[in-house]
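Enquirer: What follows is a predicted structure for the sequence shown.
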Amino acid sequence: MDLEVHICGLGRPWVVSAASTWTVRTLKREIEVVTGVPAREQRLLVGSIEPRVFTKLQLLAQGTTLDLQCLRRSSEQAEWLEAVEEDSEGEFLADAPPHICADREVVAAAVARNGRALQFASDALRANRELVLLALEEDPQALRYAASELWADRGFVLAAMERNPLALRHASMELRADPDVVRCAVERNGLALQHAAKALRADRELVLAAVEDDADALQFADPELQCDTEVIQASLEEGRP
């Protein structure tokens with residue numbers, strides 16, 4: 001063993017001997033042996049950061065010492081965390097009590113496994129920007145479960161469109177009329193033009209950007225632009241094999 005792990009937060013200080021090549025998961029098992037606290041109930045922090053279970057201790061240690069804080073989860077929370085991490089269908093939270101659906105850590109684990117689990121989260125968590133983006137990262141279709149107030153948040157909408165450009169359809173009317181927001185969408189997926197405000201579907205530059213990405217976007221342009229020679233040419237060039 002080449003590492004001393006100093007642990008606080010469990011009633012009294014503990015020192016655990018470990019190998020720097022161990023992962024956090026292995027360390028948790030050793031902490032369970034030494035302290036009696038089940039591994040699944042341990043939440044280990046290095047400063048304010050919770051390292052992932054597969055992180056090697058040598059990446060966290062300062063020399064031959066590693067200082068950790070260990071917070072103990074309730075057995076109920078630990079059981080739900082374990083359950084949702086194995087839930088590939090995203091359905092376990094459907095049967096969870098309200099306080100579990102409002103538990104940020106449990107819901108974060110659930111949506112990281114399956115973004116559709118967001119639908120079972122509390123109203124407050126479905127309005128949590130970071131949590132919703134985590135769900136979209138796993139499943140871009142989870143955007144349908146985001147709280148309505150998020151769709152008036154420009155930063156959130158831009159971040160959501162990086163994951164799914166068609167998220168523009170859920171944006172507030174003000175943002176769907178914002179040329180910069182719409183350009184961000186149509187440059188990633190020309191078909192997002194259909195969700196732009198009417199005035200922007202008559203914007204020549206935006207329509208060109210859309211048809212250059214996807215020729216089929218032409219059908220969503222203002223009728224006048226559908227007859228524009230340059231726009232037609234751009235759509236034909238995009239559609240060429």
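Expert: Yes, it's here.
Enquirer: OK, contacts around Asp178?
Expert: Contacts for Asp178 (C-beta atoms under 8 Å, 6 or more residues apart in numbering) come out as Arg154. C-beta: built from backbone N, CA, C; applies to glycine.
Enquirer: what do you get if the cut-off is 6 Å, keeping everything else the same?
Expert: By C-beta atoms under 6 Å, 6 or more residues apart in numbering, the contact set of Asp178 is empty.
Enquirer: Flag every buried residue along the longest strand along the chain.
Expert: Ranked by number of residues, the top strand in the chain under DSSP state E is strand 65-72. Across strand 65-72, burial judged by 16 or more other C-beta atoms under 10 Å covers Leu66, Leu68, Gln69, Cys70, Arg72.
Enquirer: In three-state terms, label the residue most central in space within the chain for me.
Expert: The residue lying closest to the centre of the chain (C-alpha atoms, centre = their mean) is Leu134, at 1.0 Å. Classification of Leu134 using DSSP: H, G, I helix; E, B strand; the rest coil returns helix.
Enquirer: what separates the longest strand of the chain from the chain centre, distance-wise?
Expert: Mean C-alpha position of strand 65-72 versus that of the full chain (C-alpha atoms, centre = their mean, to the nearest Å) differs by 27 Å.
Enquirer: Reformat the buried residues of strand 65-72 as TSV; add distance to Ala159 and pLDDT.
Expert: Below are the buried residues of strand 65-72 laid out as TSV (distance: C-beta to C-beta, whole Å; pLDDT from 0 to 100):
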residue	distance to Ala159	pLDDT
Leu66	34	94
Leu68	32	94
Gln69	31	95
Cys70	33	94
Arg72	34	93
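Enquirer: pLDDT weak spots in this protein?
Expert: Applying pLDDT under 70 to the chain picks out residues 238-241.
Enquirer: For Leu131, which non-adjacent residue is closest in space?
Expert: Leu125 (5.5 Å; C-beta to C-beta, 6 or more residues apart in numbering).
Enquirer: contacts for the one helix or strand the one you found maps to?
Expert: Taking DSSP states H and E as the definition, Leu125 sits inside helix 123-126. The contact list for helix 123-126 (C-beta under 6 Å, 6+ apart) reads Val107, Leu131, Ala147.
Enquirer: And for the first one, the neighbour number?
Expert: By the other C-beta atoms under 10 Å criterion, the neighbourhood of Val107 contains 27 residues.
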